[in-house]
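Visitor: what's the 3D shape of this:
(one chain, ligands or ions: 2)
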Amino acid sequence: MGTRFDPSALLETLKTRAPLVHCLTNRVTVTPMANALLAIGAAPVMTDHPDDAEQMTASADALLINLGTPTQESLEAMTRSVRVAAADHRPWVLDPVGVGATRFRRTAAHALLEYQPTAVRGNASEIMALADEAITGRGVDTQHTVEDATEAANALLSYSKGVAISGQQDHLLTELGHWQLTGGSAWQPRVTGTGCVLGALMAAYGAVSDEPFEALAAAHLHAAIAAELAEARAEGPASFASAWLDALARDDLALTERAIERVHALGV
Ligand SMILES: Nc1ncnc2c1ncn2[C@@H]1O[C@H](COP(=O)(O)OP(=O)(O)O)[C@@H](O)[C@H]1O
Ligand SMILES: Cc1ncsc1CCOP(=O)(O)O
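Guide: Residues are numbered from 1 along each chain as shown. Ligands and ions are numbered 1, 2, ... in the order given. Next up, the predicted model:
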């Protein structure tokens, strides 16, 4: 971890600038995602109509593309939005939910990947299936470990400046190196949308930092530390979800201080 990495300062910048994040996402997690963006101090807009796409992305500070429940119409909107983001050098995140599960998803994800997202995030099976057509997945949850996916994540760096693999530990890869982040809560994979929200937080932090490691690590730390605080109050998935949202909004997260024990450099 670089000595100048200061996620608390980045969060303050985020709150001051309140970046507009255009999210074209799935219909399962659209509301938790919008709420999480509001909680951290960003401004969400969730439209995925094709005729909204170019103008909305052009007015946004960052873009999030999530393939959880794709339709022909939403895919058209996604393509139109990523063209604008790529042309304007606007940060955008690709979350290829369930990419290995069907040919339809794989084709859609590869077409979007060609526009070179600023960051790609997914669970281990998604990262592996995106990098290698021979890998298939099942549904939206992982069948692989994060360690299984590091080679695939490395291969995706030829398309994207940053790749994040989520799981019990998260791994972040950029051209500067490879890091492991520990922490978070075992309740996270038991509530739908925690991975999707992470993609939206990556987009929001990408709007306030040009350094891929910083944006990815700040988003992951914010999600993980909030999850740890939420776990202390949770009695089950429902109370965890609402406590996590409350914790995402807290002013005393101390991201920089708490980063020390959670971010581990694994090499270049
Ligand atoms: N066992 C766990 N312990 C702590 N955090 C976890 C665990 N499993 C997943 N997470 C966290 O939950 C979030 C979503 O990860 P994951 O479940 O892998 O994503 P997805 O929903 O895309 O499958 C990430 O922030 C990840 O770090
Ligand atoms: C269950 C489900 N089905 C299609 S999208 C989706 C949500 C997945 O969200 P996450 O991967 O963040 O749990």
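Visitor: Near ligand 2, which residues of the stretch 1-150 of the chain? Just list them.
Guide: Counting by CB under 6 Å from any ligand atom, the residues of the stretch 1-150 of the chain lying close to ligand 2 are 26, 28-29, 68-69, 97, 140. C-beta coordinates here come from the backbone N, C-alpha and C atoms, glycine included.
Visitor: want to throw these into JSON lines with neighbour count, distance to ligand 1 and pLDDT?
Guide: Below are those laid out as JSON lines (neighbours: other CB atoms under 10 Å; distance: CB to the nearest ligand atom, whole Å; pLDDT from 0 to 100):
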{"residue": "26", "neighbour count": "22", "distance to ligand 1": "11", "pLDDT": "98"}
{"residue": "28", "neighbour count": "16", "distance to ligand 1": "11", "pLDDT": "98"}
{"residue": "29", "neighbour count": "24", "distance to ligand 1": "9", "pLDDT": "96"}
{"residue": "68", "neighbour count": "22", "distance to ligand 1": "9", "pLDDT": "98"}
{"residue": "69", "neighbour count": "15", "distance to ligand 1": "14", "pLDDT": "98"}
{"residue": "97", "neighbour count": "26", "distance to ligand 1": "7", "pLDDT": "98"}
{"residue": "140", "neighbour count": "21", "distance to ligand 1": "6", "pLDDT": "93"}
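Visitor: Residue 57 reaches residue 65, doesn't it?
Guide: No - between residue 57 and residue 65 there is no contact under CB atoms under 8 Å: 10.1 Å.
Visitor: residues in contact with whatever residue of the stretch 101-250 of the chain ends up closest to ligand 1?
Guide: Nearest residue of the stretch 101-250 of the chain to ligand 1: residue 195, at 2.3 Å (CB to the nearest ligand atom). Residues near residue 195 by CB atoms under 8 Å, 6 or more residues apart in numbering: 95, 97, 121-123, 166.
Visitor: thinking again about what came up before, which member of the residues of the stretch 1-150 of the chain next to ligand 2 is positioned nearest ligand 2?
Guide: Distance to ligand 2, by CB to the nearest ligand atom, is smallest for residue 68 among these, at 2.8 Å.
Visitor: so that closest one is in which element?
Guide: Element membership for residue 68, per DSSP states H and E: none, as it lies in no helix or strand.
Visitor: about what we covered before: may I see the residues of the stretch 1-150 of the chain next to ligand 2 arranged in a markdown table, with secondary structure and distance to residue 150 as well?
Guide: Converted to a markdown table, those look like this (DSSP: H, G, I helix; E, B strand; the rest coil; distance: CB to CB, whole Å):
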| residue | secondary structure | distance to residue 150 |
| --- | --- | --- |
| 26 | coil | 26 |
| 28 | coil | 28 |
| 29 | coil | 26 |
| 68 | coil | 24 |
| 69 | coil | 28 |
| 97 | coil | 20 |
| 140 | coil | 21 |
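Visitor: No further questions, thank you.
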